[in-house]
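Enquirer: Can you look at this prediction? I've put the sequence above it.
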Amino acid sequence: MVPDNFDYKTAKAIDEMYKFDKKTGEKTLGTKQYENPKNHKFRDEVEIEPGMKDFILRVRPPIIDNPHNLSVFASRPKYITDKEKLKAEEQKAADEFTAAGKPHDWLKYHDLNHKYIPVSK
C-alpha cells in the first residue's frame, strides 16, 4: 500500500506528541496544555509613507561580497595574474630569440600553436 497524505499527517502528529531528549536519547511523552484557538491574522495593515518602498523590485540578484573570487591571500584577481604570466612568457621567448642571434632558427625559440607546427621536416 502506498502511503498517502493522511499517513504522513498521522506520522507527524505521533512524532510531535513525543519529545526527544538529546542527553539520554529517549523519547518521552510531552504534555501539551490546551491553547484557545486564535483569530486568523491575514496581514499587518501598515500605512506606507511617501517615498517609502512597498517592496523591492529586483532585476538582478544582489551583489555578492566577493565578486572577483579573491582568496584571503591573493591581492589581485586571477585573470590579471594569468595575463601577466603570459606576457612574461612571451617576453622571455623574445629575449631568448634575440640573444641567440640566429633569426633563421626562430622555430627553436618561439612556441607555435599546435595547428601550425609542421608535421614533417
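Expert: Noted; the coordinates are in hand.

Enquirer: low-scoring stretches of this protein, by residue?
Expert: Where the chain drops to pLDDT under 70, the residues are 102-112, 114, 116-121.

Enquirer: Okay, strands next: where are they in it?
Expert: When assigned using DSSP state E, the strands of the chain occupy the ranges 18-20, 27-29.

Enquirer: Mean neighbour count and distance to Q91 for those - can I get that in CSV?
Expert: Backbone N, C-alpha and C define where each C-beta goes, glycine included. Formatted as CSV, these follow (neighbours: other C-beta atoms under 10 Å; distance: least, C-beta to C-beta, whole Å):
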stretch, mean neighbour count, distance to Q91
strand 18-20, 11, 67
strand 27-29, 10, 72
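
Enquirer: could the ones you listed be laid out in JSON lines, adding distance to V46?
Expert: Conversion of the strands of the chain to JSON lines gives the following (distance: least, C-beta to C-beta, whole Å):
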{"stretch": "strand 18-20", "distance to V46": "38"}
{"stretch": "strand 27-29", "distance to V46": "42"}
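
Enquirer: Of those, which is nearest T81?
Expert: Closest to T81 of those is strand 18-20 (C-beta to C-beta; 52.2 Å).

Enquirer: For that closest one, which outside residues touch it?
Expert: Contact with strand 18-20 is made by E26, K27, T28, L29, G30, as judged by C-beta atoms under 8 Å, 6 or more residues apart in numbering.

Enquirer: how about 6 Å then?
Expert: K27, T28, L29, G30 (C-beta atoms under 6 Å, 6 or more residues apart in numbering).

Enquirer: right, so of the strands of the chain, which gets closest to F55?
Expert: When those are compared by C-beta to C-beta, strand 18-20 sits nearest F55, at 39.3 Å.

Enquirer: Run me through the strand neighbours of the closest one, direction for each.
Expert: Strand 18-20 has these partner strands in its sheet, going by DSSP bridges: strand 27-29 (antiparallel).
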